[in-house]
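**Q** prediction below, plus the sequence it came from.
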Amino acid sequence: MRTLVILGPGSEIADQTIKDALKEDITHNSYPKGEGIAVFDCGKEPDWSWADSTIVVGKCELGRHHADLVIGETDDATSRIIETLSVLAESNPAEQGGSAIAE
């Protein structure tokens, strides 16, 4: 699973909680080796082609790019990310490749 998480201003996630729950590497403003979750701050220009799915937490204008899931700034982003990626991993095993997340 290759997931790009874009954090809007003032938005936070609990990296260790996500890592423990999903058993995925998490990096900030860089990419994990192979599979994992890359977290970028809004305004940075990530490699959009790297990710199988993109999640935006809070408010962030993506320009010509799209998010598969948008989590509001008042929502529990950590829990939503864990829940969504767990379901995605169960429904799309790695050997089948990635697909978009539906909310």
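**A** Good, I have the coordinates. This one's a predicted model, so the numbers in the text were calculated from it and none came from an experiment. Numbering: from 1, shown residues only.

**Q** every contact and neighbour count from this point should use C-alpha atoms.
**A** Fine.

**Q** any idea how far the longest helix anywhere in the chain is from the middle of the chain?
**A** Counting by DSSP state H, the longest helix found in the chain is helix 77-91. Distance of helix 77-91 from its chain centroid, counting by CA atoms, centre = their mean, to the nearest Å, is 9 Å.

**Q** and it, which residues are buried?
**A** By neighbour count with 16 or more other CA atoms under 10 Å, helix 77-91 contains the buried residues 77-78, 81-82, 85, 88.

**Q** helix, strand, or coil at E24?
**A** Here E24 is recorded as coil under DSSP: H, G, I helix; E, B strand; the rest coil.

**Q** run a quick neighbour tally on it.
**A** If you count neighbours by other CA atoms under 10 Å, E24 ends up with 17.

**Q** hang on, isn't it packed against I37?
**A** Yes. With contact defined as CA atoms under 8 Å, E24 reaches I37; the gap is 6.8 Å.

**Q** give me the number of residues near D25?
**A** By other CA under 10 Å, the residues close to D25 number 19.

**Q** where does pLDDT dip in this structure?
**A** 93-103 (pLDDT under 70).

**Q** can you map out the helices along it?
**A** Under DSSP H, the chain gives helices at 15-22, 77-91.

**Q** so what touches the shortest one?
**A** Counting contacts by CA atoms under 8 Å, 6 or more residues apart in numbering, the residues outside helix 15-22 that touch it are 24-26, 78, 81-82, 85-86.

**Q** same question, stretch 48-61
**A** Stretch 48-61 has contacts (CA under 8 Å, 6+ apart) with 1-12, 42-43, 65-74, 77, 98-101.

**Q** fine by me, thanks again.
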